[in-house]
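In: no FASTA, just this:
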């Protein structure tokens, strides 16, 4: 007996489940414990990750960030 845990996007999981069942396998679904994010929360998470990445690159001296006056001039 082989037991495996596979994490898939919802749309992919349905297809894989059908294939495994058709091949005679048994499937036990385990719902993700991660909360579902709203579109706003997804965008916010993505923006924050991008910002933290830019900070890290700046600290490593790989990029130069804009000054406050440059940001204000854009507004």
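Out: Perfect, I can see it now. Quick caveat: nothing in here was measured; it's all calculated off a predicted structure. Numbering: from 1, shown residues only.

In: run through who's touching stretch 32-42.
Out: For stretch 32-42, the external contacting residues (C-beta atoms under 8 Å, 6 or more residues apart in numbering) are 7, 45. All C-beta atoms are positioned from the backbone trio N, CA, C, and that covers glycine.

In: go on, stretch 4-21?
Out: Counting by C-beta under 8 Å, 6+ apart, 27, 29, 30, 32 sit against stretch 4-21.

In: may I ask which of the residues you listed has the most neighbours?
Out: Highest neighbour count within the contacts of stretch 4-21, by other C-beta atoms under 10 Å: residue 27, with 11 neighbours.

In: residue 5 versus that one, what's the distance?
Out: According to C-beta to C-beta, to the nearest Å, residue 27 and residue 5 sit 12 Å apart.

In: now swap in residue 19 and tell me
Out: In terms of C-beta to C-beta, residue 19 sits 17 Å off from residue 5.

In: compare these two (neighbour count), which wins?
Out: Taking neighbours as other C-beta under 10 Å, residue 19 and residue 5 compare with residue 19 leading, 9 against 6.

In: after the helix or strand harbouring that one comes which helix or strand?
Out: Residue 19 is part of helix 10-22 when elements are defined by DSSP states H and E. Note on helix 10-22: by DSSP H and E, the next helix or strand toward the C-terminus is helix 39-59.

In: mind listing what's buried along the worst-scoring helix or strand of the chain on mean pLDDT?
Out: Of all helical and strand segments in the chain, the minimum by mean pLDDT, DSSP states H and E falls on helix 10-22, at a mean of 83. By neighbour count on 16 or more other C-beta atoms under 10 Å, the buried set for helix 10-22 is empty.
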